[in-house]
Structure formats: C-alpha cells, structure tokens
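Chemist: Need a 3D model of the following:
(2 chains)
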Amino acid sequence: MSSPHDVVITGIGLVSSLGEGPDAHWQKLAQPGLKPVLEAARFAPYTVHPLPEIDWNLQIAKRGDQRQMETWQRLGTYAAGLALDDAGIKGNDELCTTMDMVVAAGGGERDEAVDAAILAASESRNDRDVLLNEKLTTELRPTLFLAQLSNLLAGNISIVHKVTGSSRTFMGEEGAGVAAVETAAARIRSGQSTHILVGGAFQTEHSDMLLGYELAGYLHRGPWKPVWQRQGAEGGGVVSGSGGAFLVLEQRKHAASRGRKIYAELGPVVSGRARRSRGELDAEIAALLKRAAMPGGELLAMSGASGAHAATSAEKAALDAVEAIASRGFSTLTGHMKEAQFPFAVALAALAVDRKAAYPVFDAAAEKPFAGIPASVLATAIGYHQFEGMALVNAA
Amino acid sequence: MAKFRDHMGRPIVAVTGIGVVTSLGVGKSDNWAALTSGKSGIHPITRFPVDHLNTRISGMVDFLPSSSKGASLLTYELAETAAREAVAESGLDSGDFGGPLFLASPPVELDWHERFALYNSDKQDSGAERLLRVARRLKETDVFETTQFGSIADRLADRFGTRGLPITLSTACASGATAIQLGVEAIRRGECDRALSVGADGSATAEALIRFSLLSALSTHNDNPEKASKPFSKDRDGFVLAEGSGALVLESLEAALARGASVLGILSGCGEKADDFHRTRSKPDGSPAIAAVRAALADAGLGEDEIDYVNAHGTSTPENDKMEHLSLSTVFGERIGAMPISSNKSMIGHTLSAAGAVEAAFSLMTMRESVIPPTINYDNPDPAIVLDVVPNRKRDAQVRTVLSNSFGFGGQNTCLVMAREPV
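Modeler: Numbering: from 1, shown residues only, chains lettered A, B, ... in the order given. Here you go, the predicted structure:
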C-alpha cells in the first residue's frame, strides 16, 4: 500500500554503449537477441563496451566547464543532467537549490602520456623519487588534479546543474553505488530529504581503470562471452563498460504535489559485507534476497553480476535456487560499470515496472523467459571483489 | 530522568569515545598537551626527496610503522590507531563494535613505488601495456587492495567488527565532518544505537604535494616550517599539507547512559550546503558557507548567541580565511568580535580528509578541558579580518557549545555543532 513518505523514482539518466536515455535503453534492451557493442582491439587482449557518441553540449552548455573535466566527470555530469531533465527539475532553481545529492565515485584518470614517459625514464634511473619530482612538477597539467578527483563529479554537477542542497560522495566500487542509493532512500523515508539526485559513472576506456581490475587478474581475456558464460575462460571474467546511471529519488508526496510522472516505487534497499575469505558470500546473498522481501509469484531480477568468477557463480547459484526468479545479467550488454552498476540495475528495474513488461533473455543459454507483467523487479550488485547489495523496485 | 530526544524529537547523539593522531603525536593526551602549549607539528619533509619542489615542509605523520609504506597502508594505520583509542575509551568491545562504520579517506591510486616496481620487473613492450601484462600475473593481491576505494574500510570493518556495508566517503576537506554527520543521521533515523565515524588521511605523497602546489594552494615558507601555517594573518600564503586521523564513537544518549558509559559530549547539529560557483573558489558573497553554518545551528536548535567558540576551518589560504571571516561575521553579526575563534591548523596543518574529524575531536576536548587551543603564528594580523583568534596562547574558558567548520574544493561546506551537555 502506498504511503506519502514512499520513495519514488521520478527521473532516470542513463548512458552506456547502447545509447543514452531511458527510452533508447528500453527500445534496445526489449529487442530479443540484441548484440552488444564491443571494442576488442583498442585494449586487447581485453574487450570493453565503449561510450556511444555523445554531444556533451546538450547537458554541459559551457565549453569551459567541459574542459575542466576528464571524461569520467563529464560522463557523470551528463548522465546527471539527463536524470534532472527527465524529472523536470533541471533549470528549476527552487528544486535544484534544495536538492540533495549522493554520488558514487571512482576517479583517477591519470595522464597516460606523462606516466608512460616517467616509467620509460625509470628504466635508466635509480633516483626514481627525484625523477618523479622532476617530471611531475613540469609536465602535469595543473587542472588535471581536479578534473579526475573523486568528489569533483559532484562538484561539477553543482556547478553545471546547480544542485546545491547537499553534496556527498561515496567511494568503493559497487558498494559505493549500493550505499548511495540506500542512504538516499533512508533520508527520504525518514523525512530528512524530499528529493535526491543519486548515481554514478564509470569510464573504462583508460588503462588505469583496467589496471584497477587487473592487479588481481579480474578481467576476461580472449573472445567475448555473455556474463554467465565466462567461468573457465581465459582471465578473471569481468568485461567492463563505460556508462553512467543517475536517478532522481523523491518522496511520493513531493512528486505528487508537482504532478510528476512516477516510474516506480523504490522498496527495500539492502546491503552487506560478506567476509568472502571465510566463505560467507553464499549465505550473505541468500540473506539479502530474503531481506529484500521477495513477493510471491514470479520475479524478474536485473542482475549486476560482473562476470568475476567467484562472485558471479555464487550469485547465479543463489538466483537459480529460487524457481520463481528469472534473472537478466545486463553486463552481457553494457559491461561492468563499477560504481554505476547498482544505480544502473535499479534504473533498468524501474523501466521494466513502468513499461509493464519484462526484458527478453539477454543470454538464451543461461536465462529463462518471463511472460507476465512485472509488478516488482529485483536489482542486484554483488561486488566483483567485495560488498553486496539489492533493492526491490515496485510498480508506482 | 534524562531527556533522550532533541528539539525535533530525534534521538540525542552522544560522543562516548574520541581518538586522534596528528603530526603532534598519537593519542589525545600528547596531542592536547602540544596543542595547548602552542607547539607546531610542521617540519621539513624527509619521506621523499624535495628536489624541484616549491614546498618542502609538511605536517606528515612520520612516526608510525606504515609512514613510509604508501598512502593506503598509512591511511589504514592512522584510521585504525584513532579508532582503537576511541573504541577503547567508549568501553565497547574493540573486536565486535556492533554498529556501522563511516570512513572519510582520500581517493586512492596505485602508488608510484609500486608502479615503478611492477614496470621494471619486466622488459617487454612499454607503458600501460606492460603494466597490465605484469599485473595479471601477480600472485598476491596486496597491491590490488591498495587501489580499491573500499579496501581500507573493509579492513577496518574486519578489525573492529562493525556492522554491515561500511561507507567510504569523500567531500574533500570536509570529509571528516561528513563522516560524523552520516553517523549522527544513522542514529537519528533509528537505524543503529551506535556508529564509528573516522576521518583519516595519510596521502601526503610527492604527487599529492605537487598537485596542490600546481594549484598554488600551499605555503612556501620553507625556512621556518613551524611558522608556515598562519591562519588569519596578513602574510598567510597557503595551507600546509598534513596527515592525521580522528575518530568518534557516536551513540544515542539513551543507549550510552543505559550501559553506564561516560558521555564526553553531544553532537547536536550538522549542516551542509554545496557551492555552485567554482571548483576551488567560493561564491564571493559567502552564501553557501553562511547557509551551512545556519543549517548546523538550526539542526542543533541553537540561536546565533548560543555558540561559545568556533573551531575554524582556518586553512591559512588567502581565500579561505577571508571567506570564513565573511560568513561568520554575517551569521554572528557584531558579536563576532567577542567570540573566540581559533584554528588548530596553525599547529597541525591541513589534514585534508581527516580535518573535520580531527577538529571535532579537539572541539570536544576544548569543552571538556575548558581550555581553548590558540591560533599560533598570529604575529601580523590581517586588518581586514577582525576576529578574536585566541592569538598565540591558550585561553581558559568555559565552553558549552562549539561550531566546527569544514569547507572543501568542489563546493563542499559542512558544519558541526557540539555541546558539552545534553540541552
């Protein structure tokens, strides 16, 4: 039963290799047998899902602002703008200045050319610390520090879109996205906030972003495969993708009072930290499923599974163990978007609820059809390395 | 019977444990002794060579086992050390804390020493391609862990037995205050009876120094390090990069008293407001900082005349101190000249992600000890900033309430109001 203090989703901003915006994503993802957009050459032996062509001017009007951001910040600021537009908040001073914000951020888009030059020089120098000072003081662009800094995605959203109620940045891979959505929802439910912009972005087309996975051998190598079919293949199973997902979460009463379209209600958001080295992951996923309060009947699950072998097989086993669940591993089509993964999962869940239809299978060999109208959709993000979360998204 | 709800009907949040590490030492006792005797922890950099650097001084923490092991390990050790002191003081189980963890810490990147070591362990091809190829053959995950934003909090959660998914956050120089705010909010929402809020920063690497230096943010008073940080002085020329950590155990007053804990202070209000003006500069009229101060007062249910002392952000940059003066004088009006306002950063430098937590710890001690730490190096007052900065010498004073300011790059403004007693 709906309550005036429910958390509802009134804006969705999405960017991935499939395109931009909720409509484009729905249209693509609703096509049976959709093929992913892949870039297999540029970062070989790794495959990535690249950014689509984006006209940054559409959401970041000033060139000067665009120049102050590396691609990750630009992507997040762009996706945030899409969500604000979609919710009818962009350009509304009163709503923007009172709007809270929680961003799930990574960061660290370093200057690859400067780094490569320093590394090359390090082969013939023993005074590497001095080398570092010498090169960094002369070759680093002064503006790069802020253009790749974690909390400056939120900072740029404030500057470009004028969202200034509050600004908080959470860090920590998928867990940051989970905590951002969970905290935002809790603030609305408790009356601490009426409308919040929440989300994240990930720009994988940078060697340091790949290195972040590969230092523990997490990336899939060799020919591309759907996310559920990478066990036993060369590498660690993760195929990453560039993208972003922002949501406008709103108190139901607040959304109704301004007559906005509601995509869906955001039900329970649950999170956990399994001590995986102690074998706790299976039990943690099962416990989260239970806490997300599964309704009776069939349930569509938008799974954020990364492909990482251990986490993905644990999640698959847990979802498969419940006969009523039909899961969709959307990383098959978008790649893994780290901090943006959970907000993306919630957005896709909300779209299905809103369109009153399930997505077709993304991988016929591993997923089963869902015929009915999904009244509730589960969204999951089981971290490739640590942290877990789920949310249940219900019809408006 | 004690009152357990605040003016808005929310659980009152008490502090039952405090921990701190700065360049002045480990723990409250050493830090407080140094701070109240006006001692500076700023010193010449010895951790790495300073050739080619314009700034050669800092407030680094050089005396911990991890001090030379890179930003990630040092940040962990700083966080762990402060949290250990705080949890021990609270009397709670140090291995089974039983509440959530909120960690303010710097963004992490692969350390240059690791980068060099990986790169030079092989000779084939070059650049990123070589790094990636070497990386995927690594047998250990130690280096990987240092590059994951969630790893420090994950280790802390293991160490202290905190509950649930730990939150790692960054609001730049306001991060420590945000970590406390998140803990306060979780308790007020009734999600938990207690929370562990930690701010830690051990990221004073050569590259970090160079990055701030390229933004002209750092003091270059290298010849006399102890004099370099001079908030509110006319000749202030930037902040001094520093490291440290602060930790608070937050508890609902009701839960704290029920288990017989000593209440060290009350976290009575939090306020924030983002600035949309510029990435490093504040809106010239100071309106976002003003709004953050007012929001904190309103959240605490206190009027402008009910704040006894301000623990300033006071970075010693030309811009911050001017803007902070403007915003404080706008909020407090004529009373501002008679209010003590001091900057801990004059002695410990700017501990970045830790600053809000370190300064909250010192604010609470100011009330408990009835001593206000001074703003040192105040030899040449800025005539445009007329404030009682508690110049150069500590002052005995009854302090019932403190406002602690934190302002950061990216338009971050967070203010905390603390009180000695529940109102």
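
Chemist: For B:R189, list the residues it contacts.
Modeler: By CB atoms under 8 Å, 6 or more residues apart in numbering or on different chains, the residues touching B:R189 are A:186, A:190, A:192. Yep, even glycine has a C-beta here, placed from its N, CA and C like the rest.

Chemist: please redo it, this time with the cut-off set to 6 Å
Modeler: A:186, A:190 (CB atoms under 6 Å, 6 or more residues apart in numbering or on different chains).

Chemist: can you give me the strands for chain A?
Modeler: For chain A, applying DSSP state E gives strands covering A:7-16, A:19-20, A:48-49, A:100-105, A:168-171, A:195-202, A:240-241, A:243-251, A:264-272, A:299-303, A:325-329, A:376-382, A:388-395.

Chemist: Please name whichever of those strands is nearest to B:G190.
Modeler: Judged by CB to CB, the one of the strands of chain A that comes nearest to B:G190 is strand A:264-272, at 15.8 Å.

Chemist: Just send the strands of chain A back as a markdown table, with mean neighbour count too.
Modeler: Formatted as a markdown table, these follow (neighbours: other CB atoms under 10 Å in any protein chain shown):
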| stretch | mean neighbour count |
| --- | --- |
| strand A:7-16 | 28 |
| strand A:19-20 | 20 |
| strand A:48-49 | 26 |
| strand A:100-105 | 29 |
| strand A:168-171 | 30 |
| strand A:195-202 | 30 |
| strand A:240-241 | 30 |
| strand A:243-251 | 30 |
| strand A:264-272 | 22 |
| strand A:299-303 | 26 |
| strand A:325-329 | 24 |
| strand A:376-382 | 29 |
| strand A:388-395 | 26 |
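
Chemist: Out of these, which is closest to B:A157?
Modeler: B:A157 lies closest to strand A:264-272 among those, at 11.0 Å (CB to CB).

Chemist: Averaged pLDDT, the closest one. What do you get?
Modeler: For strand A:264-272, the mean per-residue pLDDT is 98.

Chemist: in its sheet, what does that strand sit against?
Modeler: Applying DSSP bridges, strand A:264-272 is found paired with strand A:7-16 (antiparallel), strand A:388-395 (antiparallel).

Chemist: who touches the residue nearest the centre of chain A in this structure?
Modeler: The C-alpha lying nearest the average C-alpha coordinate of chain A belongs to A:A340 (CA atoms, centre = their mean; 1.5 Å). A:A340 makes contact with A:200-202, A:243-245, according to CB under 6 Å, 6+ apart.

Chemist: What is the nearest of those to B:F4?
Modeler: A:G200 (37.2 Å).

Chemist: beta partners for that closest one?
Modeler: Under the criterion DSSP bridges, A:G200 forms beta bridges with A:A104, A:A245.

Chemist: Can you check the pLDDT for it?
Modeler: 98.

Chemist: next one: A:M1
Modeler: A:M1 is assigned 66 on the pLDDT scale.

Chemist: Using CSV, lay out the strands paired with strand A:264-272 together with distance to B:F332.
Modeler: Formatted as CSV, those follow (distance: least, CB to CB, whole Å):
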stretch, distance to B:F332
strand A:7-16, 37
strand A:388-395, 43
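
Chemist: Which segments of chain A make up each domain?
Modeler: A:7-109+A:148-395, A:113-140 (automatic domain parsing).

Chemist: of all these, which lies closest to B:N120?
Modeler: Using CB to CB as the measure, domain A:113-140 is the one of the domains of chain A that comes nearest B:N120, at 6.3 Å.

Chemist: Can you list the buried residues in that closest one?
Modeler: Residues A:114-116, A:118-119, A:122, A:128-137, A:140 are the ones in domain A:113-140 that count as buried (16 or more other CB atoms under 10 Å in any protein chain shown).

Chemist: what residues are up against B:G17?
Modeler: Residues in contact with B:G17 (CB under 6 Å, 6+ apart) are B:86-87, B:89-90, B:249.

Chemist: tally of neighbours for residue 254?
Modeler: Chain wasn't specified; assuming chain A. A:H254 is flanked by 18 other residues according to other CB atoms under 10 Å in any protein chain shown.

Chemist: try chain B instead
Modeler: B:E254: 15 surrounding residues under other CB under 10 Å.

Chemist: try A:I159
Modeler: Each residue near A:I159 was counted by other CB under 10 Å, and the total is 25.

Chemist: go on, B:G408?
Modeler: 28.

Chemist: any idea how far B:G271 lies from chain A?
Modeler: Applying CB to the nearest CB, to the nearest Å, the value for B:G271 to chain A is 9 Å.

Chemist: That residue pairs with what?
Modeler: Going by DSSP bridges, B:G271 forms beta bridges with B:C415.

Chemist: Could you tell me which residues of the stretch 51-200 of chain A lie near chain B?
Modeler: A:107-108, A:116, A:119, A:122, A:128-130, A:132-134, A:136-137, A:142, A:145-146, A:150-152, A:155, A:158-159, A:162, A:164, A:166-167, A:169-173, A:175, A:179, A:186, A:190 (CB under 6 Å from any CB of the partner chain).

Chemist: A:A396 and B:L326, how far apart?
Modeler: Distance, A:A396 to B:L326, using CB to CB, to the nearest Å: 46 Å.

Chemist: low pLDDT regions in the chain?
Modeler: In the absence of a named chain, this looks at chain A. Judged by pLDDT under 70, chain A has its weakly predicted residues at A:1, A:295.

Chemist: Oops, wrong one, chain B.
Modeler: Scanning chain B for pLDDT under 70 picks out the ranges B:1-2, B:423.

Chemist: Let's verify the residue nearest the centre of it: helix, strand, or coil?
Modeler: A centroid search over chain B (CA atoms, centre = their mean) returns B:A355, at 1.7 Å, as the residue closest to the centre. Secondary structure, DSSP: H, G, I helix; E, B strand; the rest coil: B:A355 is helix.

Chemist: That one is in contact with B:G176, isn't it?
Modeler: Yes. B:A355 is within contact range of B:G176, at 5.4 Å (criterion: CB atoms under 6 Å).

Chemist: one step back: figure out which of the strands paired with strand A:264-272 is closest to B:E421.
Modeler: strand A:7-16 (36.3 Å).
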